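Student: I would like to see how this sequence folds:
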Amino acid sequence: MPLNLPMILTWVRIVLIPLVVGIYFLPETVMSISMQNWVGAWVFIFAAITDAVDGYLARRWNQTSAFGAFLDPVADKLMVGAALIVLVDLGRIGPFLALIIIGREITISALREWMASIGARNSVAVNWLGKFKTIAQMVAIPMLLVNEVWMGIDFHVLGTLAIYVAAVLTVWSMCYYLMKAWPDIRDRS
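Tutor: Got it, this is the predicted structure:
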């Protein structure tokens, strides 16, 4: 496994996952709920930024690797999944929304693995729709983690709207990838 800055950033993101989750389960005597909301959201934002930076640096510095290509999306899925589970536990989103988003991630990851095994990975390569879906998630989740009104901005309302946009984009992108893979699925069934 190559150890370079992009890979270190991916590992940092993985290490931050239990920190984000743990913050929300601290007793109020250790950290107030408001402080949990803000600290948890900022840790999530920092982790999301490492996602953008590690991929950019890996490509820019030509430090891509097969292991990095595997680990980066795993870190992303774990980070989003863990945050969604926290939000369900806190009652800030419904379990059905979390199931849609997490279910799509599992489905498309499995689809990509299968397509790679048959030599057709490029037909389900990441496209703009998947990128918009990720951006919507990375905007919605920290707003829902904050879940407060600050300077007249209601993060709960904005986060709820954004998570519904993310859910629509999630379903849309899943349908898109499945349609792209359909000829191979049909030919091999």
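Student: and the residue lying closest to residue 149 once chain neighbours are set aside, what is it in contact with?
Tutor: Using C-beta to C-beta, 6 or more residues apart in numbering and skipping residues adjacent in sequence, the residue nearest residue 149 is residue 155, 7.1 Å away. Just so you know, the C-beta spots here come from the backbone N, C-alpha and C atoms, and that holds for glycine as well. Residue 155 makes contacts with 143, 144, 146, 147, 148, 149, as judged by C-beta atoms under 8 Å, 6 or more residues apart in numbering.
Student: Run through the bridge partners of the last one.
Tutor: Residues in a beta bridge with residue 149, per DSSP bridges, are residue 154.
Student: Kindly tell me how buried it is, as a neighbour count.
Tutor: Neighbour count for residue 149, taken as other C-beta atoms under 10 Å: 11.
Student: going forward, begin numbering at 4 instead of 1
Tutor: Sure thing, new numbering starts at 4, so read that last one as residue 152.
Student: how far away is residue 167 from residue 97?
Tutor: 11 Å (C-beta to C-beta, to the nearest Å).
Student: go on, residue 74?
Tutor: 30 Å.
Student: Equivalent analysis for residue 67, please.
Tutor: Distance from residue 67 to residue 97, by C-beta to C-beta: 38 Å.
Student: Those two: who's more crowded?
Tutor: residue 67 (17 against 12).
Student: My guess is that one contacts residue 57. True?
Tutor: No - counting by C-beta atoms under 8 Å, residue 67 sits too far from residue 57 to count as a contact (10.4 Å).
Student: Name the residues contacting each of those two.
Tutor: With C-beta under 8 Å, 6+ apart, residue 67 and residue 57 have common neighbours residue 9.
Student: quick one: contacts for the residue nearest the centre of the chain?
Tutor: Nearest to the mean C-alpha position of the chain, counting by C-alpha atoms, centre = their mean, stands residue 83 at 3.6 Å. Residue 83 makes contacts with 104, 105, 108, 140, 144, as judged by C-beta under 8 Å, 6+ apart.
Student: Greatest separation within those: which pair is it?
Tutor: 108 and 144 (13.3 Å; C-beta to C-beta).
Student: neighbour count winner among these two?
Tutor: Neighbour totals were compared for residue 108 and residue 144, and residue 144 leads with 29 against 21 (other C-beta under 10 Å).
Student: Confirm the more buried one sits in a helix?
Tutor: Yes - assessed with DSSP: H, G, I helix; E, B strand; the rest coil, residue 144 lies in a helix.
Student: Spatially nearest residue to it (excluding sequence neighbours)?
Tutor: Spatially, and ignoring its direct neighbours in sequence, residue 144 is nearest to residue 86 (4.9 Å; C-beta to C-beta, 6+ apart).
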